[in-house]
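Asker: Sequence and predicted structure, then a few things I'm wondering about:
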Amino acid sequence: MYEDKRINIAFEGMTSNKGGTETFIINVYNKLDKSRFKSYFIAYEEKIAYEEYLRESGAVVVHLTSRYESPVGFCSALRQFFKGYRVDIIWAHKTTLSSCESLMIAKLYHVPVRIIHGHSSDNMGNSLTALLHSMNRVYIRYLTTEQFACSELAAKYFFGKHKAKIIRNALDLDQFRYNPEVREGIRETLGCSGKKVIGHVGRFGAEKNHAKLIRVFEKIHVRDDNTRLVLCGDGEERKNIEKLIRHYNLEGSVCLVGNVDNVNEILQGVDIFVMPSLFEGLPFALLEAQTCGLKCVVSDTVSRESDVLGWNEFLPLDASDEIWADAVLQVDLNYDREQGYKTMKDKGYGVEENIRFIEKIVLKEESNV
């Protein structure tokens, strides 16, 4: 009888949203050597992003009771998972340490490699989330064998003074390489041909600060009615943002495309990327935008590590909407967008350059990584 001797790796952190964390996970999964690794995805929602693709490509998606549905059922389901499957590695991707049960139970069941990977630099939840995060931060390194973070800011938020390995948010760079033909096609599709297009990619959550973005765009549009705003993403704040768009009579000038699979193409059609986030780890969308060769105007709460090209302009969140509008309108668009891909590749942001490093870490192949 055939015995599957591959290394079993369980990913935790996929949600129904196709956000930065989900993008990181799928990029890593796609480049893992399938002859060496068998992948499991722990899911707490009815359906997770890329689920159909994951199943078709050989991964196992296991749906468990969520913590919000039943804390007792959640822990019981996790115990059944680790009891029923041989797991060699659990890789838990988190935006907060408010829930560490999977890592606790993984240790109880003697999973040899237990990784916590921080993807945020501040609290995205309520006061209880903040309290639980602070408590769990004290002993998270005793539950895990490896501590990863996407940036120095995220490492500080998750681990304090304890040293963590910084894992770049690696991209499939070729997908985001600037292509003039794709640019013209997508601009025509979006009805933006001949327009100055401002773009943003991000979940419609409070931390992304879409309200600020809409107010800034209103100031921009008053001064230049040849501008358009394209928003990729979805989430709980979308209805509020739609109301704000109507309030400013911007319905014909703001395009909400939702959660889409062609963000790489949409970014080709954008001229300037704007991100007024309240906080970030090392935002995937910002790296993708730079790979497309876009100049970016971002809040100064975003890590300076994100400025790979040296083109980003950082503005205080409390700066007026007029100041933000001025900064966007003053961006010089006469530059070589091909430089984005070249620089990102030279600086090691391609997933191919990172996957082997990650494999060495989790497989303990080298003592000096």
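Answerer: That came through, no problem.
Asker: switch to C-alpha atoms for all contacts and neighbour counts from now on
Answerer: Noted.
Asker: can you list contacts of the strand or helix carrying Phe148?
Answerer: Secondary-structure element containing Phe148, defined by DSSP states H and E: strand 146-149. Residues from elsewhere that reach strand 146-149 (CA atoms under 8 Å, 6 or more residues apart in numbering): 113-119, 141, 155, 158, 164-167.
Asker: What of stretch 286-299?
Answerer: For stretch 286-299, the external contacting residues (CA under 8 Å, 6+ apart) are 171, 173, 176-178, 264, 267-268, 270-278, 306, 308-309, 311-317, 327-328, 331, 336-341, 343-344.
Asker: could I get the contacts of strand 146-149 as a markdown table with pLDDT, distance to Val298 and neighbour count?
Answerer: Converted to a markdown table, these look like this (pLDDT from 0 to 100; distance: CA to CA, whole Å; neighbours: other CA atoms under 10 Å):
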| residue | pLDDT | distance to Val298 | neighbour count |
| --- | --- | --- | --- |
| Val113 | 94 | 37 | 20 |
| Arg114 | 96 | 34 | 26 |
| Ile115 | 95 | 30 | 21 |
| Ile116 | 97 | 28 | 25 |
| His117 | 96 | 24 | 27 |
| Gly118 | 93 | 21 | 29 |
| His119 | 90 | 18 | 27 |
| Arg141 | 90 | 33 | 17 |
| Ala155 | 92 | 21 | 25 |
| Phe158 | 95 | 23 | 31 |
| Ala164 | 91 | 26 | 23 |
| Lys165 | 90 | 25 | 16 |
| Ile166 | 87 | 22 | 16 |
| Ile167 | 86 | 22 | 19 |
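Asker: pretty sure Phe37 contacts Asp4?
Answerer: No. Using CA atoms under 8 Å, Phe37 is not in contact with Asp4; the gap is 10.0 Å.
Asker: And these two? Which one has more around it.
Answerer: Between Phe37 and Asp4, counted using other CA atoms under 10 Å, Phe37 has the larger neighbour count: 16 against 10.
Asker: residues touching the more buried one, list them.
Answerer: Arg6, Ile7, Asn8, Ile9.
Asker: Now it. Nearest residue, chain neighbours left out?
Answerer: Ranked by CA to CA, 6 or more residues apart in numbering and with sequence neighbours excluded, the top spatial neighbour of Phe37 is Ile7, at 4.7 Å.
Asker: my read: the one you found touches Lys38, true?
Answerer: Yes. Judged on CA under 8 Å, Ile7 makes contact with Lys38 at a distance of 6.0 Å.
Asker: Looking at these two, which is more packed in?
Answerer: Neighbours per residue, other CA under 10 Å: of Ile7 and Lys38, the larger number sits with Lys38, 21 against 17.
Asker: I figured the more buried one was touching Ala59, is that so?
Answerer: Yes. In this structure, Lys38 is within contact of Ala59 by CA under 8 Å, at 6.8 Å.
Asker: ok so, going back, out of the contacts of stretch 286-299, which end up buried?
Answerer: Buried members of the contacts of stretch 286-299, scored by 16 or more other CA atoms under 10 Å, are 171, 173, 176-178, 264, 267-268, 270-278, 306, 308-309, 312-315, 317, 327-328, 337-341, 343-344.
Asker: Would you mind writing the CA trace of the helix or strand that contains Gly73 as CSV?
Answerer: Using DSSP H and E, Gly73 maps to helix 71-84. Taking Å, rounded to 0.1, in the frame of the first residue of the first chain, the C-alpha atoms of helix 71-84 are listed here in CSV:
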residue,chain,number,x,y,z
PRO,A,71,-15.3,28.6,21.7
VAL,A,72,-15.7,25.1,23.1
GLY,A,73,-16.5,23.6,19.7
PHE,A,74,-13.6,25.5,18.2
CYS,A,75,-11.1,24.0,20.5
SER,A,76,-12.7,20.5,20.2
ALA,A,77,-12.5,20.8,16.4
LEU,A,78,-8.8,21.7,16.5
ARG,A,79,-8.1,18.8,18.7
GLN,A,80,-9.9,16.5,16.3
PHE,A,81,-7.9,18.0,13.4
PHE,A,82,-4.5,17.4,15.0
LYS,A,83,-5.6,13.9,16.2
GLY,A,84,-6.9,12.9,12.8
